[in-house]
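*Asks:* Just the structure for this:
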Amino acid sequence: MNDIKELTENKSIWLLYGLAGFLTIIVIYYEWLIGSVLTVVLAYLIYLTYRNETKNKQRTENYISTLSYRVKKVGEEALLEMPYGIILFSEDYQIEWCNPYMNHFMDGEQSLIGETLADLSDPLAAAVKDEDEEQWITLDDRQFQAIIKSEERLIYLFDRTDHIELENRYDNERTIIGVIFLDNYEELTQAMDDTSKSHLNSEVTSILNSWSNDYGIHLKRTSQERFIAVMNKEILTQLEKTKFEILDEVRELISDQNVPLTLSIGIGRGSVDLPELGDLAQSSLDLALGRGGDQVAIKDESGRVKFYGGKTNPMEKRTRVRARVISHALRELVMESEKVLIMGHVTPDMDSIGSSIGILKLAQQNGKKGYVVFDPDGVNTGVQRLMDRIGENDDLAEWFITPEDSLDVVTKNTLIVVVDTHKPSMVMEERLLSKTEHIVVIDHHRRGEEFVEEPTLVYMEPYASSTAELVTELLEYQDGPLKLDVLEATALLAGITVDTKSFTLRTGSRTFDAASYLRSKGADTVLVQNLLKEDIDLYIKRSELVKNATVYREGVAIAKGLDDGEYGTIIIAQAADTLLTMSNVKASFVIANRKDGKIGVSARSLGEINVQVIMEKMNGGGHLTNAATQLDDTTLEQVEEQLRDIIEEYFEGGED
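*Replies:* Residues are numbered from 1 along each chain as shown. Here you go, the predicted structure:
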């Protein structure tokens, strides 16, 4: 801008000189003496102007010459002295030239020139061949960002080690909030005297304080059964490496005193503000408790959850007070609704059908119409026998409707009750969940990440043997005398019988109380056995699966079906149950092709091995002793290999 301005000003001066010369000629014409003087003055001014312009031009040329030298000098120094690498390579990926900085990464006085890119870094060579624009590599334990200019065959290498270390330090120092809950504390201490209660508190507090001091955790007790823990990500990483051994320490120490007290820990992590971290921690704790307690749940802002622990059979922690409260709350919701729709999971079992019938009777008990959503095309043999009996009972059969018909029945003021599952993807008709805001979930499975959104009422008790047991208790606390016919009571009892393997697994005192109540209402145990009878062909198919079983490692049996064979879900599950009755078998897994084209995996255990967390890693779920999954687009061999890898990981410690 200054050069343009100066050039403009010079042009103006010469124009003035031209005008002055013209006027001088006119003056000379009239007054030659005055004109002569003006001519001399004008010539002198022109001379001064020309001399100044010449000097200015010389100064400018000298300045430009000096600046060019300085810029060239800076460029050379930047090329040779700056602390980043520059590499020029040939078409065959040989290094043709590099700045002196790169020679730091060669031994002795050796130069990189003449070497190949692979000699420097295999990942870098691969990135150049793939014409990538960027690649991160490691040289001498330093992290470098390589910027690749393929057309110029040029590579810039920037040392980002300090930057990465700073990022890692910032990431490791992020605040993590945890909520520690003493499972079953209130129930256990109710019968204790003050001395025993004080001793128990002292023991637990001592263990947790020692644990927090060892890892640098800030621990604060907020109530008799709750603690708040504040830590950072680095501490959490250390705890994950130990698989949260504090769970085992508390369980082992307290069990020595014959007190079944365990810990549940919910942890919130992520790059969010503190209130949201607290919400994540509480949500994680709810999830851990919903899965039976004695475990750790870690949740981040994306909703991803990791689990550790959960390797013990949960103690019965529910109370009849809670059952009565839930029963009355459900009655109020039924009374306020226009009608009730009940649905279980796809491919229903005895527990799903039995508990659905129980809720149907609860709705009718309170003067409301109820409908059971049922798909007749997705049933197994045992359920089909029950459905045939229901079909013969006109008073009961008329309340069973198909999923398609349910979409016509539902209204905005309809109460939807989901039984024996809590996953939207597994319900009989998922579209119903968006038709109303009044949803109740009743389930006995451990809670998973997928859950019905914003339910009005949730009754989840993983300590119960079955959903039929929970529904039976709800029926007991309804107002007025309850009328159950033989088939309805038998259906509920069949649900309990199937899920407890004829009262041998996951049974508590409440299970037998519920069975006794149903028996008093006319439940027919002989009819239950008839419903559960199996066909001889199915028995032979189940035997085929058992015959192919092998012991993978101590106490773990894996059976795989024939590649060209198809097996029902019940057969696969029964084969896993049969394997569990074999000596020295602690857990069993059966893999087989299902009739719907998927590959099914059924898992069973006696309680020492948590098959639920193993199945969850294969997108399944269930209970500690009873779980399953279904997989698409894979083979039996691939599923078996995946299962073996997960089992190996399980025995090493924590579960994601």
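*Asks:* can you pull the pLDDT of the residue nearest to the spatial centre of the chain?
*Replies:* When Cα atoms, centre = their mean is applied to the chain, the residue found nearest the centroid is Arg304 (2.2 Å). Model confidence at Arg304, expressed as pLDDT, equals 80.
*Asks:* For it, give me its contacts.
*Replies:* For Arg304, no residue meets the contact criterion (Cβ atoms under 8 Å, 6 or more residues apart in numbering). Every residue, glycine included, has its C-beta placed from N, CA and C.
*Asks:* how much space between it and Gly270?
*Replies:* The gap separating Arg304 from Gly270 is 10 Å, by Cβ to Cβ, to the nearest Å.
*Asks:* how close does the residue nearest to the centre of the chain sit to Arg226?
*Replies:* For Arg304 relative to Arg226 (Cβ to Cβ), the value is 25 Å.
*Asks:* Equivalent analysis for Ala125, please.
*Replies:* On the measure of Cβ to Cβ, Ala125 and Arg226 end up 57 Å apart.
*Asks:* Those two: who's more crowded?
*Replies:* Ala125 (18 against 14; other Cβ atoms under 10 Å).
*Asks:* moving C-terminal of the helix or strand harbouring the more buried one, what's the next helix or strand?
*Replies:* Assigned by DSSP states H and E, Ala125 belongs to helix 122-129. Using DSSP H and E, the next helix or strand after helix 122-129 towards the C-terminus is strand 134-139.
*Asks:* For Ala557, give me the backbone phi and psi.
*Replies:* Here is the backbone geometry of Ala557 (degrees, to the nearest 10): phi -110, psi 140.
*Asks:* Begin at 21 from now on, thanks
*Replies:* Will do, 21 is the new start, and the previous item becomes Ala577.
*Asks:* Residues in a beta bridge with it, which ones?
*Replies:* On the basis of DSSP bridges, Ala577 is bridged to Val571, Ser608.
*Asks:* you'd agree it is up against Ala569?
*Replies:* Yes: between Ala577 and Ala569 there is a contact under Cβ atoms under 8 Å: 5.0 Å.
*Asks:* residues bridging contact with those two, i.e. touching both?
*Replies:* When Cβ under 8 Å, 6+ apart defines a contact, the residues bordering Ala577 and Ala569 alike are 599, 608.
*Asks:* where does this protein have low pLDDT?
*Replies:* Scanning the chain with the threshold set as pLDDT under 70 gives 21-32, 34, 81-101, 125-130, 274-279, 310, 330-339, 401, 673-676.
*Asks:* just to revisit the earlier point, for the helix holding Ala145, name the packing helices and strands.
*Replies:* Where contact means 3 or more Cβ pairs under 8 Å, 6 or more residues apart in numbering; DSSP states H and E, helix 142-149 is packed against helix 137-140, strand 154-159, strand 162-169.
*Asks:* now the ones you listed in a markdown table, with distance to Asp299 and mean neighbour count?
*Replies:* Shown next, in a markdown table, are these (distance: least, Cβ to Cβ, whole Å; neighbours: other Cβ atoms under 10 Å):
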| stretch | distance to Asp299 | mean neighbour count |
| --- | --- | --- |
| helix 137-140 | 49 | 19 |
| strand 154-159 | 35 | 15 |
| strand 162-169 | 36 | 17 |
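*Asks:* Which of these sits closest to Leu507?
*Replies:* Nearest to Leu507, of all these, is strand 154-159, at 67.9 Å by Cβ to Cβ.
*Asks:* picking up where we left off before, for the residue nearest to the centre of the chain, give me the backbone phi and psi.
*Replies:* Per degrees, to the nearest 10, the backbone of Arg324 is at phi -70, psi 140.
*Asks:* Equivalent analysis for Gly286, please.
*Replies:* Dihedral angles of Gly286 (phi, psi; degrees, to the nearest 10) stand at phi -110, psi 130.
*Asks:* Next up, the contacts around it.
*Replies:* Counted by Cβ under 8 Å, 6+ apart, Gly286 has contacts 198-199, 201, 301-308, 316-317, 319.
*Asks:* Excluding chain neighbours, what is closest to it?
*Replies:* The shortest distance from Gly286 to any non-neighbouring residue, by Cβ to Cβ, 6 or more residues apart in numbering, is to Leu305 (2.7 Å).
*Asks:* To Glu356, which of the helices and strands packed on helix 142-149 lies closest?
*Replies:* Closest to Glu356 of those is strand 154-159 (Cβ to Cβ; 60.3 Å).
*Asks:* List the neighbouring strands of the closest one plus their orientation.
*Replies:* strand 162-169 (antiparallel).
*Asks:* which element follows the partner strand toward the C-terminus?
*Replies:* Following strand 162-169 in sequence, per DSSP H and E, is strand 174-179.
*Asks:* Please name the strands paired to that following strand in the sheet, noting orientation.
*Replies:* When DSSP bridges is applied, strand 174-179 pairs with strand 105-109 (antiparallel), strand 162-169 (antiparallel).
*Asks:* Show residues contacting the last one.
*Replies:* Put plainly, it is strand 162-169. Applying Cβ under 8 Å, 6+ apart, the external contacts of strand 162-169 come out as 105, 144, 147-148, 151-158, 174-181, 184.
*Asks:* do the first one as well
*Replies:* Residues from elsewhere that reach strand 105-109 (Cβ under 8 Å, 6+ apart): 99, 115-119, 121-122, 132, 137, 140, 148, 164, 173-178.
*Asks:* List the residues that contact Leu256.
*Replies:* Contact analysis of Leu256 by Cβ under 8 Å, 6+ apart lists 196, 287, 289, 318.
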